[in-house]
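Trainee: Mind looking at a prediction? Sequence and model below.
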Amino acid sequence: MTRALIWALICTPIILRWYFDATEHGLICNLLSQRLVFLDVTFGREETISAVLMKLSADQLVFSPFLLAMFLIYIGAFRAATSSYRFSETAQVIKKELLPMQISGMFFWVPVSLSLFTVVPDHLKIFVINIAGLFYNTMLALKISSQDTKKKD
């Protein structure tokens, strides 16, 4: 539970800035207005095929690897603080795991992102992202814990 709370405190401001504008009217108003600001400002709010594909590409090829690398660094730091794991091993874990995690994540996030960019109303976007993130983070945690169990055996 503590790890999940700390992770939420780390990644929430980043996710809010990527998808939502917290500077325009303050965070509370922002959560109500639900604007995909960075992506909208960069690629436009229209739902043309080219705009949606550009948003999807940026989301999957820029934001996702960044957030996955942060997740692996966070897990490495937490392991180092609570066990005999050496944090210096995290670079090897990132090198080995980032691409497979990115590819498997695309099977999950591409459909979610496509629906987010095209059919989900603005006032429901944060709900969709949070529910999807809950399922995805649970899958990541299960994958990592199963790898830890295999290493102990």
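Mentor: All right, it came through fine.

Trainee: Could you pull up phi and psi at Glu47?
Mentor: Glu47 has phi and psi values of phi -110, psi 40 when expressed as degrees, to the nearest 10.

Trainee: Correction: the previous question concerned Val120.
Mentor: Backbone dihedrals for Val120, given as degrees, to the nearest 10, come out at phi -80, psi 130.

Trainee: That one and Ile126, how far apart?
Mentor: 10 Å (C-beta to C-beta, to the nearest Å). Where you see a C-beta, it was placed from the backbone N, CA and C, and this is true even at glycine.

Trainee: What ranges in the chain fall below the confidence cut-off?
Mentor: Within the chain, the segments meeting pLDDT under 70 span 1-37, 147-153.

Trainee: let's see it at 90
Mentor: Applying pLDDT under 90 to the predicted model, the residue ranges of the chain that meet it are 1-48, 59, 62-64, 66-94, 97-98, 116-117, 120-153.

Trainee: Please enumerate the helices of it.
Mentor: Counting by DSSP state H, the segments of the chain that form helices are 2-19, 27-33, 37-43, 49-58, 64-82, 90-118, 125-152.

Trainee: Adding mean neighbour count, write those out as a markdown table.
Mentor: Rendered in a markdown table, the data for these read as follows (neighbours: other C-beta atoms under 10 Å):
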| stretch | mean neighbour count |
| --- | --- |
| helix 2-19 | 13 |
| helix 27-33 | 13 |
| helix 37-43 | 17 |
| helix 49-58 | 16 |
| helix 64-82 | 16 |
| helix 90-118 | 15 |
| helix 125-152 | 13 |
